[in-house]
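Engineer: Show me how the following folds:
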Amino acid sequence: MSMNGQSGYAWLDSPGGPPLLALAESYAAGRRTGRHSHGRTQLVFAAAGVMTVETEAGSWVVPPQRAVWVPAGLDHELVMHSRVALRSLYFRADRPGLPARAAALAVTPLARELILRLVETPAETPGEVPASGGRRERLTALLLEELQGVALDALHLPLPHDRRARRVALALVERPGDGRRLEDWATLVGATPRTLLRHFQRDTGLGFAAWRQQARFLAALPRLAAGEPVTGLALDLGYDSPSAFVAAFRRVFGTTPGRYFAR
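Structural biologist: Numbers count the residues shown, from 1 in each chain. The predicted structure is shown next:
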């Protein structure tokens, strides 16, 4: 399916053609692309703004310091939490070294400049064979080398497969500040606490408490990016105090919320 169902994007559905295709778009806050997939592997990057990449298996928050790989054929939707300057690179799925699964990536200053330069560099015309070692290919190879080994899970929220555990997870996505204990959730969905915990650990790789903290961070990032004060946000997300939220944020992201977005 083409993005937004527009035939103008049909060229992204084909796995053939030039090695790399690039697209620059701007989206207003609150815009959703609709669920779609491509015949190419996509690197999703926001030059400005914050968005979420949603899939059936989970979601990734994408601030300007991060990008997300979306493998060819994976159904996904982009949700804009602010005005977003979207920069997408589409690689042929048969290119060696591309990830088989969706993953978040750190975007270094060099990677950022390479992404922006590739979007600005003219592509080959359809059917044209690019010169071996051409400028665009050299930039592409350098970008992929820069991105190797920097997959990050801190911005990923996987969803459990079990019906009962998934019901709990989706409820917490809607209300991440809900402080009910695992025992309370187990009673609500008709399972034992041990069963719920097992499904969270098996399907997401996280215990219940760690998964809930992850959900809270992913809910916090778009609001922090919009300039919302930490005080009200922390209490709204179920933390006892703003300092407790900042300390938890620092443990996961290596810096405070203010410095994270200042970068």
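Engineer: Could you use CA atoms for every contact and neighbour count after this?
Structural biologist: Noted.
Engineer: What are the boundaries of the helices in the stretch 151-263 of the chain?
Structural biologist: 163-174, 182-189, 193-204, 208-225, 230-236, 242-253, 257-262 (DSSP state H, counting those that start in this stretch).
Engineer: what about dumping the CA coordinates of stretch 199-214 to PDB?
Structural biologist: The C-alpha coordinates for stretch 199-214 follow below in PDB (Å, rounded to 0.1, in the frame of the first residue of the first chain):
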ATOM      1  CA  HIS A 199       4.000 -13.300  29.100                       C
ATOM      2  CA  PHE A 200       5.600  -9.800  29.500                       C
ATOM      3  CA  GLN A 201       9.100 -11.300  29.900                       C
ATOM      4  CA  ARG A 202       8.700 -13.800  27.100                       C
ATOM      5  CA  ASP A 203       7.100 -11.500  24.500                       C
ATOM      6  CA  THR A 204       8.800  -8.200  25.300                       C
ATOM      7  CA  GLY A 205      12.000  -9.100  27.000                       C
ATOM      8  CA  LEU A 206      11.000  -6.800  29.900                       C
ATOM      9  CA  GLY A 207       9.500  -7.500  33.300                       C
ATOM     10  CA  PHE A 208       6.200  -5.700  34.100                       C
ATOM     11  CA  ALA A 209       7.700  -2.900  36.000                       C
ATOM     12  CA  ALA A 210      10.400  -2.200  33.400                       C
ATOM     13  CA  TRP A 211       7.800  -2.400  30.600                       C
ATOM     14  CA  ARG A 212       5.600   0.200  32.400                       C
ATOM     15  CA  GLN A 213       8.500   2.500  32.900                       C
ATOM     16  CA  GLN A 214       9.300   2.200  29.200                       C
END
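Engineer: Among the helices of the stretch 151-263 of the chain, which comes closest to Ala29?
Structural biologist: For Ala29, the closest of the helices of the stretch 151-263 of the chain is helix 208-225, at 10.7 Å, according to C-alpha to C-alpha.
Engineer: and the closest one, average pLDDT?
Structural biologist: For helix 208-225, mean pLDDT is 90.
Engineer: Then stretch 45-57?
Structural biologist: Computed over stretch 45-57, the mean pLDDT rounds to 90.
Engineer: for stretch 186-203, which positions count as buried?
Structural biologist: Judged by neighbour count using 16 or more other C-alpha atoms under 10 Å, the buried positions of stretch 186-203 are Ala186, Thr192, Pro193, Leu196, Leu197, Arg198, His199, Phe200, Asp203.
Engineer: Go ahead and confirm Gly73 touches Arg35.
Structural biologist: No - the criterion here is C-alpha atoms under 8 Å, and Gly73 misses it with Arg35 at 11.7 Å.
Engineer: Which residues are in contact with Phe261?
Structural biologist: Going by C-alpha atoms under 8 Å, 6 or more residues apart in numbering, Phe261 touches Ala225.
Engineer: That concludes my questions; thank you for your assistance.
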